[in-house]
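**Q** Show me the folded form of this:
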Amino acid sequence: MKFSLKSNVTWLQVQRYGELLQVLVARTLKVRYRGSFLGVYWSMLNPLIMTGLYTAIFGATFASYYGNSLVNYVLAAFTGLIVINFFSASTTQALTSVVGNGSLLNKIHLPVSIFPVSMIAANVFQFSVGTLPLLAVITLVKSKSLINVLALGFPFLALVLVCTGVGFLVSALYVFFRDLPYFYELLVFVTWVSSPVFYPAAIVPPQVKQFLGLNPLSPIIESLRQITLSGSSPDLSLISYSLLSGIIILSLGWTCFHLWRHQFMDLL
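**A** Model prediction:
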């Protein structure tokens with residue numbers, strides 16, 4: 001009986017969390033795209049423009065690393081950009097989510113973690129209806145394999161895990177350090193430069209590559225490119241490494257958030 005009662009309580013909590021998440025995600029998207037003509041499809045504009053710019057500057061130089069194909073370089077740059085843009089947008093929005101809803105938390109008892117999670121979830125929805133279908137079509141054309149199309153979900157899941165973990169961490173830190181956004185802008189820039197976005201990983205010197213290997217976005221980008229562009233079966237080692245990195249970062253972020261959560265209300 002006790003076990004059944006606990007199970008019912010847990011299920012009700014999960015259900016309430018899901019309902020709250022749905023409401024907050026809908027609110028975020030409505031505010032973000034109110035009066036917008038293209039809506040969520042605006043999220044594709046930045047990577048498309050930047051892809052064109054990188055191709056114009058670096059395409060002829062780096063095409064040799066992609067089978068001497070400028071088209072392959074365009075697609076490689078695009079996959080790198082959508083990863084770094086998703087990471088930058090979702091974690092930056094998550095950073096201010098707890099403090100930004102401090103007045104609401106002081107009035108209504110809500111699970112604090114719902115706010116960074118809702119920011120990540122809003123970007124997941126935006127990516128799923130905007131960029132992911134285009135990436136799936138590209139993968140199907142290049143690999144001619146439905147398995148590769150389905151395998152896109154694994155590096156994307158790893159990306160969501162990384163962003164959620166970082167979102168938990170930075171949203172908690174921002175409660176204590178209100179100048180964190182300025183430092184985080186620099187950190188995102190370093191992450192972007194150290195990720196093989198507009199350049200192939202093969203050009204990085206071995207002595208530098210070991211440090212860049214600490215960047216959790218690098219295996220995600222490489223896994224997406226391998227699945228999308230190689231035409232071969234998904235590389236399970238890349239997928240496993242990406243997912244493992246995501247799980248570790250999520251665990252670290254959630255642990256810090258949980259440990260510091262009891263101090264939030266005194267500072268909001």
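**Q** Give me the pLDDT for S43.
**A** What the model reports for S43 is a pLDDT of 71.
**Q** Can you show me the helices along the stretch 1-150 of the chain?
**A** 2-33, 45-62, 70-95, 97-100, 102-107, 114-129, 131-143, 146-151 (DSSP state H, counting those that start in this stretch).
**Q** so which of those gets nearest V190?
**A** helix 70-95 (11.5 Å; C-beta to C-beta). Any C-beta I mention is one placed from the backbone N, CA and C, and that applies to glycine too.
**Q** Give the other helices and strands that the closest one contacts.
**A** Judged by 3 or more C-beta pairs under 8 Å, 6 or more residues apart in numbering; DSSP states H and E, helix 70-95 is in contact with helix 45-62, helix 114-129, helix 131-143, helix 153-176, helix 180-193, helix 217-229.
**Q** Which strands or helices does the fifth one pack on?
**A** Using 3+ C-beta pairs under 8 Å, 6+ apart as the contact test, the elements touching helix 180-193 are helix 70-95, helix 153-176.
**Q** In contact with the residue nearest to the spatial centre of the chain, which residues?
**A** Geometric centre of the chain, nearest residue: F87, 3.9 Å, by C-alpha atoms, centre = their mean. Shown in contact with F87 (C-beta atoms under 8 Å, 6 or more residues apart in numbering): L159, V162, C163, V166, V188, T191, L217.
**Q** Just the buried residues of those residues.
**A** The neighbour-count test (16 or more other C-beta atoms under 10 Å) marks L159, V162, C163, V166, V188, T191, L217 as buried among the contacts of F87.
**Q** So which of these is the closest to I249?
**A** Nearest member of the buried ones among the contacts of F87 to I249, counting by C-beta to C-beta, is V162, at 5.1 Å.
**Q** Show me the one of the helices of the stretch 1-150 of the chain that comes nearest T228.
**A** Closest approach to T228 among the helices of the stretch 1-150 of the chain (C-beta to C-beta): helix 131-143, 4.7 Å.
**Q** quick one: average confidence on the closest one?
**A** The pLDDT scores in helix 131-143 average 91.
**Q** which strands and helices sit next to it?
**A** Helices and strands touching helix 131-143, as assessed by 3+ C-beta pairs under 8 Å, 6+ apart, comprise helix 70-95, helix 146-151, helix 217-229.
**Q** quick revisit: any chance of the helices and strands packed on helix 70-95 in a markdown table, plus distance to S69?
**A** Converted to a markdown table, these look like this (distance: least, C-beta to C-beta, whole Å):
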| stretch | distance to S69 |
| --- | --- |
| helix 45-62 | 10 |
| helix 114-129 | 26 |
| helix 131-143 | 11 |
| helix 153-176 | 22 |
| helix 180-193 | 24 |
| helix 217-229 | 9 |
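**Q** which of these is buried the deepest?
**A** Compared across the helices and strands packed on helix 70-95, helix 217-229 shows the largest average neighbour count, a mean of 25 (mean count of other C-beta atoms under 10 Å).
**Q** Following it in sequence, what is the next regular element?
**A** helix 236-260 (DSSP states H and E).
**Q** other SSEs contacting the helix or strand just after that next one?
**A** Using DSSP H and E, the helix or strand that follows helix 236-260 in sequence is helix 264-267. Helix 264-267 makes packing contacts with helix 102-107, helix 153-176 when contacts are defined by 3+ C-beta pairs under 8 Å, 6+ apart.
**Q** Of all these, which one is nearest L70?
**A** Nearest of the helices and strands packed on helix 264-267 to L70, taken as C-beta to C-beta: helix 153-176 at 24.1 Å.
**Q** dump the residue contacts of T28.
**A** Going by C-beta under 8 Å, 6+ apart, T28 touches S118, M119, A122.
**Q** Check the second one and give its pLDDT.
**A** Spelled out, that is M119. As predicted, M119 sits at a pLDDT of 95.
**Q** same question, L5
**A** Looking at L5, its pLDDT is 51.
**Q** how far does stretch 61-70 sit from the chain's center?
**A** Stretch 61-70 sits 27 Å away from the centroid of its parent chain (C-alpha atoms, centre = their mean, to the nearest Å).
**Q** Flag every buried residue along that stretch.
**A** Buried residues in stretch 61-70, defined by neighbour count with 16+ other C-beta under 10 Å: F62, A63, Y65, Y66.
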